[in-house]
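A.B. asks: Predicted model follows, preceded by the sequence.
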Amino acid sequence: MTNIEERGKVYLVGAGTGDVAYLTVKAYNLLAAAQVLVYDALVDAQLLQCVPPDCLKLDVGKRGGKPSTTQAEINKLLVKHCQQRKQVVRLKSGDPLIFGRCTSEIEALKASGCDFELVPGISSALAAPLLAGIPLTDPVLSRCFAVLTAHEPEVLDWEALSKLETLVILMGGQNLPEIVHQLVRHGRSHLTPIAIIRWAGTPRQQIWIAQLGNILEQTTGLSLSPAVIVVGEVVGLNKYLQPEKIDYQDSTLAQTPMLNNFSTSYQPLTGNTILVTRSVGQSSIFSDRLITLGATVIEMPTLEIGPPSSWEALDNAIANLSDFDWLILTSTNGIDYFFERLIAQGKDSRALAGVKIAVVGEKTANSLKQYSLQPDFIPPNFIADSLIEHFPEKLDGKKILFPRVESGGREVLVNELTLKGAKVIEVAAYQSCCPSGIPPAAELALQNRKIDVITFASSKTGQFFYQLTDKIFSHNSDTNQFLEGICIASIGPQTSKTCQALFGRVDVEAQEYTLDGLTQALITWATNS
């Protein structure tokens with residue numbers, strides 16, 4: 001962990017609307033270095049994945065009408081961990097000083113001599129109207145606006161509030177009938193536009209637009225929390241300022257595998273919660289891509305990568321690289337550990353001058369480029385079977401070095417190369433194993449059946465997912481019955497075989513066996529389901 005001060009400090013941080021895309025850079029960096037995280041119920045689960053694995057996470061509730069830790073206990077927690085010289089992030093939805101109840105916490109920290117810092121966040125009072133296409137100010141319709149909480153409507157001066165052009169009301173979902181009653185009673189017309197924006201800035205966002213006279217009829221029996229309510233003539237501008245919706249069925253965007261530059265208005269995965277299984281410490285580019293497309297993403301590391309039990313075989317092979325005709329690399333992990341040992345022996349890429357290199361997949365090829373090397377052969381379809389079928393020269397008598405995972409390697413690849421006359425030297429370059437547990441956000445979502453899709457980018461992630469979740473579902477007679485209704489999405493044929501064996505089905509398989517291909521397959525699934 002970097003940038004950790006010797007003295008403890010509490011950061012009172014605004015989480016914004018909940019979606020990690022609207023988190024400030026400073027807030028993200030503080031989460032990434034946090035030793036203790038104290039968070040409220042409205043903080044989105046995906047933000048909990050921004051902290052280090054060893055960060056102590058403390059859920060203190062603080063949601064209206066639900067059990068929660070008392071404010072006095074929260075104050076004690078902050079002081080306690082700060083005095084233990086911990087870097088503490090107190091994460092609050094929105095902005096910490098807009099109805100964030102920070103005063104008590106700040107007073108407790110100051111009384112105990114604890115260092116603290118306030119970090120602003122994007123308040124839902126500002127973000128929700130904007131994301132719904134509602135301007136809070138307008139030269140004609142709204143020259144001012146007021147932000148209020150309707151948690152206790154009886155203490156508000158409704159006579160004064162009803163005279164203001166635009167009202168932004170937080171914590172008012174449960175008291176909507178009283179809000180409407182008071183505004184009409186104090187002179188607002190039944191025809192006054194009103195908007196209710198629920199879960200603003202997340203894939204779950206919902207918007208109801210009506211008038212004071214009929215909004216209750218439209219929302220009877222619906223859960224409106226957490227919501228931002230906007231009252232005023234500016235609500236009527238929504239129809240002019242909302243971006244045009246894209247027809248995903250006809251859109252040419254839906255046909256392209258290049259997904260990195262999608263507009264945020266193109267969100268075919270909206271409404272779907274996707275559990276992404278991946279390696280511990282792996283980049284979240286795939287998850288970020290899905291979030292951009294509207295999905296709620298929960299990450300579940302199901303694979304830990306580490307060094308093999310012995311470097312001896314790999315070191316011996318590297319010492320005799322000139323004996324080999326080909327080096328086959330099938331993963332970024334194999335590349336990273338191979339070059340780590342190459343450098344450890346005082347060598348660099350020049351040691352491969354007489355050795356041709358074959359890789360499986362563009363991702364592996366891109367990893368190789370980091371070492372200033374271009375592969376001599378990349379098979380089509382990005383799978384090992386294709387490597388054998390399309391190998392660019394006769395294999396008879398060729399000596400091939402194959403650094404791979406220590407256990408559960410590509411036996412089919414080795415057998416086929418051997419049958420074609422090659423001499424394959426397999427060496428353990430790294431080891432993969434199952435993590436010790438499941439992140440709380442992922443476990444809670446699985447237990448509460450909040451997952452729509454589970455993605456698998458390798459056979460090992462599927463195997464270890466099954467191993468980890470078997471502990472959760474052991475009280476059920478059939479684990480697969482518990483996963484019924486969840487879409488199983490695979491990156492390619494080999495991974496699909498594993499999923500078929502474990503789960504009895506595969507619902508989505510990428511046509512191009514890459515993460516871009518898997519993303520495209522999910523778009524097709526979402527638009528057709």
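C.D. replies: Received the coordinates, thanks. Since the structure is predicted, the reported quantities are computational estimates derived from the model, not experimental observations.
A.B. asks: Check which residues of stretch 497-516 are buried.
C.D. replies: Using 16 or more other CB atoms under 10 Å as the test for burial, stretch 497-516 gives 498-499, 502-503, 506-510, 512-516. Where you see a C-beta, it was placed from the backbone N, CA and C, and this is true even at glycine.
A.B. asks: Stretch 170-184 now?
C.D. replies: Neighbour-count burial for stretch 170-184 [16+ other CB under 10 Å]: 170, 171, 172, 173, 174, 175, 176, 179, 180, 182, 183.
A.B. asks: Setting the sequence-adjacent residues aside, check what's closest to the fifth one.
C.D. replies: In this structure, residue 174 finds its nearest non-sequential neighbour in residue 225, 6.5 Å apart by CB to CB, 6 or more residues apart in numbering.
A.B. asks: In a strand, the one you found, correct?
C.D. replies: No - using DSSP: H, G, I helix; E, B strand; the rest coil, the secondary structure at residue 225 is coil, not a strand.
A.B. asks: In this structure it contacts residue 198, no?
C.D. replies: Yes - Residue 225 lies in contact with residue 198 (CB atoms under 8 Å); the separation is 7.5 Å.
A.B. asks: who touches both of those two?
C.D. replies: residue 173 (CB atoms under 8 Å, 6 or more residues apart in numbering).
A.B. asks: Have a look at these two and say which one is more surrounded.
C.D. replies: residue 198 (21 against 14; other CB atoms under 10 Å).
A.B. asks: coming back round to it: please report phi then psi for the residue nearest to residue 174.
C.D. replies: phi -100, psi 140 (degrees, to the nearest 10).
A.B. asks: confidence score at it?
C.D. replies: pLDDT, residue 225: 85.
A.B. asks: now do residue 259
C.D. replies: 36.
A.B. asks: Please apply the same query to the one 5 residues further on.
C.D. replies: At residue 264, the predicted lDDT confidence score is 41.
A.B. asks: Check the one 5 residues further on too.
C.D. replies: pLDDT, residue 269: 89.
A.B. asks: Just give the nearest non-adjacent residue to it, would you?
C.D. replies: residue 295 is the one closest to residue 269 (CB to CB, 6+ apart), at 3.9 Å.
A.B. asks: now the one you found: how far from residue 268?
C.D. replies: Remark: distance between residue 295 and residue 268 (CB to CB, to the nearest Å) = 9 Å.
A.B. asks: With residue 386 instead?
C.D. replies: 30 Å.
A.B. asks: more neighbours, the two?
C.D. replies: residue 268 (22 against 15).
A.B. asks: Please look at the more buried one and residue 520 and confirm they touch.
C.D. replies: No - with contact defined as CB under 8 Å, residue 268 does not reach residue 520; the gap is 10.5 Å.
A.B. asks: Could you look up the SS state of residue 98?
C.D. replies: coil.
A.B. asks: residues contacting it?
C.D. replies: 123, 125, 147 are the contacts of residue 98 under CB under 8 Å, 6+ apart.
A.B. asks: What of residue 417?
C.D. replies: So residue 417 contacts 388, 395, 400, 424 (CB under 8 Å, 6+ apart).
A.B. asks: Over to residue 76?
C.D. replies: Per CB under 8 Å, 6+ apart, neighbours of residue 76: residue 108.
A.B. asks: now do 7 Å
C.D. replies: With contact set as CB atoms under 7 Å, 6 or more residues apart in numbering, residue 76 has no partners.
A.B. asks: just checking, it is part of a strand?
C.D. replies: No - counting by three-state DSSP, residue 76 is not part of a strand but helix.
A.B. asks: tell me the mean pLDDT over stretch 61-76?
C.D. replies: Across stretch 61-76, pLDDT averages out at 76.
A.B. asks: and if you look at stretch 145-165?
C.D. replies: 95.
A.B. asks: Buried ones in that stretch, by neighbour count?
C.D. replies: So for stretch 145-165, counting by 16+ other CB under 10 Å, buried means 145, 146, 147, 148, 149, 150, 153, 156, 158, 161, 162, 165.
A.B. asks: Now do the helices in the stretch 151-300 of the chain.
C.D. replies: All helices of the stretch 151-300 of the chain, identified by DSSP state H, counting those that start in this stretch, fall at 158-161, 176-185, 215-219, 238-241, 285-292.
A.B. asks: Out of these, which gets nearest to residue 44?
C.D. replies: helix 285-292 (10.8 Å; CB to CB).
A.B. asks: Can you give me the buried ones in the closest one?
C.D. replies: The neighbour-count check on helix 285-292 (16+ other CB under 10 Å) flags 286, 287, 289, 290, 291, 292 as buried.
A.B. asks: Let me have these in TSV, extended by pLDDT and distance to residue 473.
C.D. replies: As requested, the buried residues of helix 285-292 are arranged in TSV below (pLDDT from 0 to 100; distance: CB to CB, whole Å):
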residue	pLDDT	distance to residue 473
286	88	25
287	87	24
289	85	29
290	89	25
291	83	27
292	80	32
